[in-house]
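Student: here is a sequence with its predicted model. Questions after.
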Amino acid sequence: MTLEESIQIAVEGCGVSLYDIVNLKENDNNIYRVYITSSEGISLDKCAEVSRQISPLLDVHEPLSGKYNLEVSSPGIERKLKKSAHFKASINENIRIKDFEKNILEGKLLRADDNEIVLQTEHGEEIISYDEISLASTYYEW
């Protein structure tokens, strides 16, 4: 079993879903960030509970060499979309997509399956294959 699978089981045991895991560096600090979601929303107490559950896993299977900080949080209202499951969970939301030629498309996500998405733009419906997408995220119009 991989570390990510173990983390997923621990997260689901807390009644929430694993959204993503990201390794990053901020101000010379290594960060192992675990994003969690729930249809009821994510509270600070829930983040602390998940952190307590996965911390022992990371003591046994260190995700990063050297010193790092564990952070558990919600991906937020404007979140990155990387997996087909992320797109499927974002149907009827506004999303922004950048393709590999640096073109940007914005619109409402109408449908998503394991191969492609359908985006309603100002020019009509666009069918976009996942392998055409360089970056994608939801966005909120304030």
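Tutor: Cool, the structure landed.
Student: packing partners of the helix ranked longest in the chain?
Tutor: Taking DSSP state H as the assignment, the helix of the chain that covers the most residues is helix 44-60. Contact here means 3 or more C-beta pairs under 8 Å, 6 or more residues apart in numbering; DSSP states H and E; on that basis helix 44-60 packs against helix 3-13, strand 29-37, strand 69-73. Just so you know, the C-beta spots here come from the backbone N, C-alpha and C atoms, and that holds for glycine as well.
Student: go through the ones you listed and pick out the most buried.
Tutor: Between the helices and strands packed on helix 44-60, the one whose residues have the most neighbours on average, counting mean count of other C-beta atoms under 10 Å, is strand 29-37 (a mean of 18).
Student: let's see that one as CSV, backbone CA atoms only.
Tutor: Extracted C-alpha coordinates of strand 29-37, given in CSV (Å, rounded to 0.1, in the frame of the first residue of the first chain):
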residue,chain,number,x,y,z
ASN,A,29,10.4,25.5,4.5
ASN,A,30,9.3,22.2,3.0
ILE,A,31,5.6,21.7,3.2
TYR,A,32,3.6,18.5,2.8
ARG,A,33,0.0,19.8,2.2
VAL,A,34,-3.0,17.5,2.3
TYR,A,35,-6.2,19.0,0.9
ILE,A,36,-9.5,17.5,2.1
THR,A,37,-13.1,18.1,1.1
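Student: show me how far it is from its chain's centre.
Tutor: If you compare the mean C-alpha spot of strand 29-37 with that of the full chain, they lie 10 Å apart, counting by C-alpha atoms, centre = their mean, to the nearest Å.
Student: touching that strand from outside, list them.
Tutor: If you take C-beta atoms under 8 Å, 6 or more residues apart in numbering as the criterion, strand 29-37 is touched by 7, 11, 14, 16-25, 42, 46-47, 50, 54, 58, 63-64, 66-75, 79, 89.
Student: all set, thanks.
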